[in-house]
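[1] Fold the following for me, if possible:
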Amino acid sequence: MPIRTEGFSSMRISRRLVALAMIMAPIAGGPVLAHAAESSLGTPSGQVTMKFKSLDVGVGHTWGTGRLVFRNHTYRFKIEGGSLAAVGFAKISGRGEVYNLTKVKDFEGSYAAVNGDVTAGTGVGAVLLNNPAGVRIRLDTSSSGGRLAAAAQGMKITLTK
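    From the prediction side, this is the model:
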């Protein structure tokens with residue numbers, strides 16, 4: 001039985017599939033690459049949990065909260081940031097390890113990552129964040145909502161009291 005494509009150009013559909021494949025390729029390997037990177041990061045110095053939201057229309061905004069466990073103390077922090085080349089809304093939670101942290105004040109600051117993600121309903125992923133103090137966060141994430149991103153992402157972490 002032939003597939004009906006009334007109202008759709010097969011060329012437009014093909015372009016969309018190619019674009020989606022280009023975005024999905026790095027994501028499909030994301031968790032594998034993040035876990036491979038983990039082995040080269042050394043011994044974790046702390047653990048983090050985060051909950052944040054992202055609202056994107058070309059340029060996006062990210063906000064949320066988290067907890068750092070470092071040397072048997074728990075520190076709360078807030079997250080503010082953004083992304084480029086993204087569209088949609090997602091609620092994201094993450095859990096991961098912190099590396100190269102020797103002083104809690106070095107945890108604060110701006111983190112950068114280049115990644116892509118697609119969330120349609122629910123999704124999972126992994127990301128490696130770096131800050132100028134050399135602190136690295138390997139984060140496993142789960143998300144819900146509808147979001148498409150292939151972009152540089154940045155977030156500022158500020159400890160709260």
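
[2] which SSE is Gly145 in?
    Counting by DSSP states H and E, the element that carries Gly145 is strand 136-160.

[3] Counting by contacts, list what that strand packs against.
    Judged by 3 or more Cβ pairs under 8 Å, 6 or more residues apart in numbering; DSSP states H and E, strand 136-160 is in contact with helix 10-28, helix 30-41, strand 46-70, strand 73-99, strand 109-130. Placement of C-beta: from N, CA and C, glycine included.

[4] what mean pLDDT does it have?
    Mean pLDDT, computed over strand 136-160, is 82.

[5] what do you get for stretch 73-89?
    The average pLDDT within stretch 73-89 is 85.

[6] ok, so what distance separates Gly60 from Lys51?
    Here the distance between Gly60 and Lys51 works out to 17 Å (Cβ to Cβ, to the nearest Å).

[7] Comparing those two, which residue is more hemmed in?
    A count of neighbours by other Cβ atoms under 10 Å puts Gly60 above the other of Gly60 and Lys51, at 22 against 13.

[8] Wait, that one touches Glu80, no?
    No. Using Cβ atoms under 8 Å, Gly60 is not in contact with Glu80; the gap is 11.9 Å.

[9] Just to be sure, Ala133 is in a strand?
    No. Ala133 is assigned coil when assessed by DSSP: H, G, I helix; E, B strand; the rest coil, not a strand.

[10] How about the contacts made by it?
    106, 109 (Cβ atoms under 8 Å, 6 or more residues apart in numbering).

[11] where does Thr43 land in three-state SS?
    Here Thr43 is recorded as coil under three-state DSSP.

[12] Quick one: neighbours of it, just the number.
    Neighbourhood size, Thr43 [other Cβ under 10 Å]: 7.
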